[in-house]
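Q: Sequence first, predicted coordinates after that:
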Amino acid sequence: MSLDPAGTVMARCATLATVSEEPDRLTRRFGTAALRDANAAVAEWMRAAGMTARQDALGNLIGRYEAEQTGAKTLLLGSHLDSVIDAGKYDGPLGVLVALACVQRLHDQGRRLPFAIELLGFADEEGVRYHTTYLGSQVVAGTLAPAALELADADGITLAQAIRAFGGDPGRLAESRRSGDDLLGYCEVHIEQGPVLEARDLPVGVVSAIAGQSRIAVVLTGVAGHAGTVPMDLRRDALCAAAELVLAAEALARDTPGLVATIGQLDARPGASNVIPGQVTLSLDIRHQDDAHRERALAELRQRAERNAGARGIALDWRIVQESCALACDTALTERLARAIAALGYPLLALPSGAGHDGVAIAALTPIAMLFVRCKGGVSHNPAESVDLADVGVAIDVLGRFLLELRTED
Ligand SMILES: [Zn+2]
């Protein structure tokens, strides 16, 4: 007996989860044999759904389902097929396979739409191997800096070499840039990677915006000293100053709707139980879907850190390591997704994405929209990643309906 569409998506996610660089966990980085095998498997499923399938000069997989008539516009769907190290089954592949299930349904019904569908399986979103996020989607959008080709992985293999070994052509990446002229937009289905939909008891939600992000490297320098002999009022303890910053960041984020702040790394030196910490290095990650809010929070936090450190005689070094602006999803496309959710009888929730996605790069090319699917406990980048069969069914129905909505309006 053949599986229903959601069952097929789940089974295929499970199959792809075995296509790994490592024997007992899922790791599928750019340019590896595992990614080649994953592309081959998905290409076969694409062809079975009436699509043509090919790889571009980087190694992105592109399936195409033609429109009723030639010369029609094209809608992009997709997500990524690479993974983090020790990944879950759904981050990336779910979006590709839900979209594929919708095309399969059209194909089974012998139905064509007034627009073509291109289904993209991006070859590198996570950036694990070359520390460049959105490598795949940047090639499609034509925004990848040529200097990236010289980046080397941990084994000294350059990106250009990896592309060649993968069957691509680093000299022809520019030709893989998708023209935006005939595009209707891009829509991506993805697991939420957070706990909000679960807390609201909703299978899916629309994404309002992808949060902007600042990463700061902070160094607090005081004076190391003997834990037994230096009196408390004469200490310049860098870790105590760091502790104030950690709690100030938490308090500010709690008081600012939509702001999240995280100190994920903290290193105290010299790091001995009987020595007062003389220097602390820490990371600060701040995100908000509104850039002005993020910038204001950052300025306020820096001011507080300077004041607190100054009062302790501690020097503060504050360096912005990385910054990306927030990206709003397209109102019209998102409204159509919302209507599809309402038509199926589900309450509507719009939520920002705290994580980055390929849509950030594709937005340079065409308007984007995203549909989030509930995942258990909000867990992702972890083998415990889990989604419900029924929720996958809802995602397929919503995306399918969205395609028909576009049909009636274009
Ligand atoms: Zn992802």
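A: Alright, I've got the coordinates.

Q: Quick check: bridge partners of Val207?
A: Assessed by DSSP bridges, Val207 has beta-bridge partners Leu351.

Q: Number the chain from 235, please
A: Done: numbering now begins at 235, and the last item shifts to Val441.

Q: What is the neighbour count of it?
A: Residues near Val441, counting by other C-beta atoms under 10 Å, number 25. Placement of C-beta: from N, CA and C, glycine included.

Q: what sits against it?
A: Counting by C-beta atoms under 8 Å, 6 or more residues apart in numbering, Val441 touches Cys563, Thr568, Ala584, Leu585, Pro586, Ser587, Ala603, Met604, Leu605, Phe606.

Q: and the residue nearest the centre of the chain, how far is that from Glu360?
A: Central residue of the chain (C-alpha atoms, centre = their mean): His591, 3.2 Å from the mean position. Distance of His591 to Glu360, computed by C-beta to C-beta, to the nearest Å: 11 Å.

Q: Same question for Thr266.
A: Per C-beta to C-beta, Thr266 is found 12 Å from Glu360.

Q: Which one's more surrounded, the two?
A: Ranked by neighbour count (other C-beta under 10 Å), Thr266 and Glu360 place Glu360 first, with 25 against 19.

Q: Is stretch 603-619 positioned near the ion?
A: No: on the criterion C-beta under 5 Å from the ion, stretch 603-619 is out of touch with the ion, staying 7.7 Å away.

Q: meant to ask about stretch 413-431
A: No: between stretch 413-431 and the ion, judged by C-beta under 5 Å from the ion, nothing touches; the nearest distance is 5.7 Å.

Q: And the residue in the stretch 385-534 of the chain positioned nearest to the ion, how far from Val555?
A: In the stretch 385-534 of the chain, the residue that lies nearest the ion is His424 (5.7 Å; C-beta to the ion). Taking C-beta to C-beta as the measure, His424 falls 26 Å from Val555.

Q: burial of the spatially closest residue to His365 that is not a sequence neighbour, as a residue count?
A: Distances taken as C-beta to C-beta, 6 or more residues apart in numbering place Leu385 nearest to His365, at 7.4 Å, with adjacent residues excluded. Using other C-beta under 10 Å, the number of residues around Leu385 comes to 16.

Q: Settle this for me: Leu385 is touching Ala396, isn't it.
A: No: if you go by C-beta atoms under 8 Å, Leu385 and Ala396 don't touch, sitting 9.4 Å apart.

Q: Mutual contacts of these two, please.
A: Residues touching both Leu385 and Ala396 by C-beta under 8 Å, 6+ apart: Tyr364.

Q: lowest-pLDDT helix or strand in the chain?
A: Least confident helix or strand, the chain: helix 623-643 with a mean of 91, by mean pLDDT, DSSP states H and E.

Q: Now do that one: which elements does it pack against?
A: Counting contacts by 3 or more C-beta pairs under 8 Å, 6 or more residues apart in numbering; DSSP states H and E, helix 623-643 is packed against helix 239-251, strand 308-314, helix 327-342, strand 417-425, strand 438-444, helix 565-577, strand 602-607.

Q: ok, back up a step: how far away is the residue nearest to the centre of the chain from Arg434?
A: From His591 to Arg434 the distance is 21 Å (C-beta to C-beta).

Q: Can you tell me which residues in this structure are near the ion?
A: Within reach of the ion by C-beta under 5 Å from the ion, the chain has these residues: Asp325, Gly326.

Q: Quick check on the contacts of Val441: which are buried?
A: The neighbour-count test (16 or more other C-beta atoms under 10 Å) marks Cys563, Thr568, Leu585, Pro586, Ser587, Ala603, Met604, Leu605, Phe606 as buried among these.

Q: hmm, back to that, residues contacting the residue nearest to His365?
A: Contacts for Leu385 were tallied using C-beta under 8 Å, 6+ apart; they are Tyr364, His365, Thr366, Thr392, Leu393.

Q: now stretch 354-367, how far from the chain's geometric center?
A: 10 Å (C-alpha atoms, centre = their mean, to the nearest Å).

Q: likewise stretch 261-272?
A: On C-alpha atoms, centre = their mean, the centre of stretch 261-272 falls 18 Å from that of its chain.

Q: Contacts only, for Gly293.
A: Going by C-beta under 8 Å, 6+ apart, Gly293 touches Phe264, Gly265, Leu269, Arg270, Asn273, Ala357, Gly370, Ile397, Phe400, Gly401, Gly402.

Q: Let me have those in a markdown table, extended by secondary structure and neighbour count.
A: Converted to a markdown table, the contacts of Gly293 look like this (DSSP: H, G, I helix; E, B strand; the rest coil; neighbours: other C-beta atoms under 10 Å):
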| residue | secondary structure | neighbour count |
| --- | --- | --- |
| Phe264 | coil | 27 |
| Gly265 | coil | 26 |
| Leu269 | helix | 25 |
| Arg270 | helix | 18 |
| Asn273 | helix | 21 |
| Ala357 | coil | 29 |
| Gly370 | helix | 31 |
| Ile397 | helix | 24 |
| Phe400 | coil | 19 |
| Gly401 | coil | 12 |
| Gly402 | coil | 22 |
